[in-house]
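> give me a 3D structure for the following:
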Amino acid sequence: MLAEIAGLGFHRIELGHGVRMSLWDGIIHGLGRHELQVTSLHNFCPLPVEILRADPDCYQCTSHRLEERERAARYTRQTIDWAASLRAPYVVLHLGSVPMPRYTDKLIELIRRGHYLDRRYVKTKIAALKAREAARSLDRVREWLSPLAQYAKAAGVKLAIENRIGFETVPSEREFTALLDEADFAEVGYWHDFGHGQVRANLGWIDHREWLARMQPRLFGCHVHDVRFPDHDHLAPFTGMTPLPELFAMLPPDTLYVWEMGPRVSASEITAALAKWCVLGQR
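Numbers count the residues shown, from 1 in each chain. Model (predicted):
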């Protein structure tokens, strides 16, 4: 795996939430052999041994079950410890979800049935907004995240909260700004996923450019992948509808970008995208 990544022309990697513990010794050996720098770990990394497939939301800090929240904290501390040992500066976090109907799926289905932005779509979107605003979970998130922020600081690792697609996920846009404005989370940052942001824009939830501009002062890094309307994401950069060059131009030259593509993206698509990337001066 690492040899293939290095062979495609990359020198830095993120270790993701699908990395099993059984692969860990080989990864540690391979990092040195291929001279790859680890920029970030995506929580939970490595994958908890009892979880059989990649699932960053297997344990949620928003759960009403104390045991699940404690498991999420334990595996997050483990991820922070591994990040520190690998000298990776960042750990990327998901912060769970709230209990509400799956309006995101309903809206995507309406789009596929030809109802994009019609009265039925807008009515469903308003219902989603009301349900999401009524579902408050930041108190539980604060209680869970505050000691982890201190743990990460002591380890020399920074925590970054990723934006996500679903309306039920935490934080919402309003909650993002409220949480990061709090003193306890002054050293916690934002991780912008371009694909997720574009899908939320396609669903009419945000303006992608405005949201990125608002969060840019707290930005630690980004996941880069492209999107085909409305929600087919994790495509190679520059192969979909996301206005990547325009969005990249909004960010500082030293911004950390992690390419996060799906397993069906071919090596030839990656190398072609990398050539365009270098033309933009992003390398």
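
> just how off-centre is the helix or strand bottoming out on mean pLDDT in the chain within its chain?
Using mean pLDDT, DSSP states H and E, helix 24-34 stands out as the lowest-scoring helix or strand of the chain, at a mean of 91. In terms of C-alpha atoms, centre = their mean, to the nearest Å, the centre of helix 24-34 is set 24 Å apart from its chain centre.

> check stretch 179-186 too.
That offset, for stretch 179-186, works out to 19 Å (C-alpha atoms, centre = their mean).

> put the alpha carbons of it into PDB.
Extracted in PDB, the C-alpha atoms of stretch 179-186 (Å, rounded to 0.1, in the frame of the first residue of the first chain):
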ATOM      1  CA  LEU A 179     -17.900  25.400  19.700                       C
ATOM      2  CA  LEU A 180     -14.600  26.800  18.300                       C
ATOM      3  CA  ASP A 181     -15.200  30.200  19.800                       C
ATOM      4  CA  GLU A 182     -15.100  28.700  23.300                       C
ATOM      5  CA  ALA A 183     -12.000  29.100  25.400                       C
ATOM      6  CA  ASP A 184     -11.600  25.400  26.100                       C
ATOM      7  CA  PHE A 185     -11.300  24.700  22.400                       C
ATOM      8  CA  ALA A 186      -9.000  27.600  21.400                       C
END
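
> which residue ranges of the protein form strands?
Secondary structure of the chain by DSSP state E: the strands cover 12-15, 37-42, 90-93, 158-162, 189-193, 219-224, 226-228, 232-235, 257-259.

> for T76, see how far away the closest residue to S63 other than its chain neighbours is.
Setting aside the residues directly before and after it, S63 is nearest to R69 in space (C-beta to C-beta, 6 or more residues apart in numbering), at 5.5 Å. Heads up, the C-betas are built off the backbone N, CA and C, glycines and all. Remark: distance between R69 and T76 (C-beta to C-beta, to the nearest Å) = 10 Å.

> what's the answer for T104, then?
Here the criterion is C-beta to C-beta. By it, T104 lies 25 Å from T76.

> count of neighbours near the residue nearest to H94 when sequence neighbours are not counted?
Using C-beta to C-beta, 6+ apart and skipping the chain neighbours, the partner closest in space to H94 is P56 (4.9 Å). If you count neighbours by other C-beta atoms under 10 Å, P56 ends up with 20.

> again, but for the one 4 residues further on
For Q60, the neighbour count with other C-beta under 10 Å is 24.

> ok, the residue nearest to it when sequence neighbours are not counted - contacts?
Leaving aside its chain neighbours, Q60 sits nearest to G96 (3.5 Å; criterion: C-beta to C-beta, 6+ apart). With contact set as C-beta atoms under 8 Å, 6 or more residues apart in numbering, G96 has these partners: D57, Q60, C61, T62, S63, A72, S137, V141, T169, V170.

> now for the second one: which residues touch it?
For Q60, the contacting residues are E68, R69, A72, H94, G96, S97, by C-beta under 8 Å, 6+ apart.

> any idea how far P245 is from it?
For Q60, the distance to P245 equals 35 Å [C-beta to C-beta].

> just the fourth one next, same as before
As defined by C-beta to C-beta, T62 lies at a distance of 36 Å from P245.

> of those two, who's got more company?
T62 (23 against 14).

> which phi and psi values does the residue nearest to the more buried one when sequence neighbours are not counted adopt?
Spatial nearest neighbour of T62, excluding adjacent residues (C-beta to C-beta, 6+ apart): G96 at 3.3 Å. The phi and psi values for G96, taken as degrees, to the nearest 10, are phi 80, psi -160.
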